[in-house]
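Visitor: below are the sequence and a predicted model; questions follow.
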Amino acid sequence: MRTNDELQGVTLLGNQHVQYSDNYNPDVLETFPNKHPENEYLVTFNCPEFTTLCPKTGQPDFGHIYISYIPRERMVESKSLKLYLFSFRNHGDFHEDCVNIIMKDLVRLMDPRYLEVTGWFMPRGGISIYPFANYADHEHESLKQQRLLDQMTKCQNKS
């Protein structure tokens, strides 16, 4: 069981008065200690209802965001991640930018061993966009390169 000290920075979980910001807000992200930093294991989040705005037209874009990471000392708290992803609702940026912003914010927040963010966006004008961004510490550089190649192959096989 988690101690109160371990949960000290977790303020959103269980809070019934949370405000949902619909403007980009990385400050809402919270972490908690990884109880198993000696283990390498994968944590994956699936956000099937990601929404953002086209920076030129202001029209809504809908996508599926997948986040996977190998934690080090800190882990992202899932409710804060949900609120963070929701904060892109009125954010005007290209799909590629959103995926890279999410990756960089989470790397800055947690300092993971490895992290990847994949976006599967709904077609607009007959074109789907599938951006992928990943980060690795020195020990996981080969994983980073392999996952990038895997994503390239996966997308090419979809066509």
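Guide: It's in. Numbering: from 1, shown residues only.
Visitor: CA only for contacts and neighbour counts going forward, please
Guide: OK.
Visitor: in a helix, Thr51, correct?
Guide: No: Thr51 is assigned strand when assessed by DSSP: H, G, I helix; E, B strand; the rest coil, not a helix.
Visitor: can you tell me the closest non-neighbouring residue to it?
Guide: Nearest residue to Thr51 in three dimensions, chain neighbours excluded: Phe62, at 4.7 Å (C-alpha to C-alpha, 6 or more residues apart in numbering).
Visitor: what helix or strand does that neighbour sit in?
Guide: Assigned by DSSP states H and E, Phe62 belongs to strand 60-70.
Visitor: what does Asp22 give?
Guide: Per DSSP H and E: Asp22 is located in neither a helix nor a strand.
Visitor: does Gln59 touch Leu53 like I think?
Guide: Yes: contact criterion C-alpha atoms under 8 Å: Gln59 and Leu53 qualify, at 5.5 Å.
Visitor: thinking again about what came up before, contacts only, for the residue nearest to Thr51.
Guide: 49-52, 121-122 (C-alpha atoms under 8 Å, 6 or more residues apart in numbering).
Visitor: immediately after the strand holding Phe62, which helix or strand?
Guide: In N-to-C order, the element after strand 60-70 by DSSP H and E is strand 74-76.
Visitor: biggest helix in this structure, by residue count?
Guide: Of all the elements of type helix in the chain, the one with the most residues (DSSP state H) is helix 141-158.
Visitor: so which elements touch it?
Guide: strand 132-136 (3 or more C-alpha pairs under 8 Å, 6 or more residues apart in numbering; DSSP states H and E).
Visitor: who's in contact with the helix or strand of the chain with the lowest mean pLDDT?
Guide: Least confident helix or strand, the chain: helix 141-158 with a mean of 87, by mean pLDDT, DSSP states H and E. Contacts with helix 141-158, where a contact means C-alpha under 8 Å, 6+ apart, come from 114, 130, 132, 134-136.
Visitor: now, among those residues, which is nearest to Leu42?
Guide: Tyr114 (9.0 Å; C-alpha to C-alpha).
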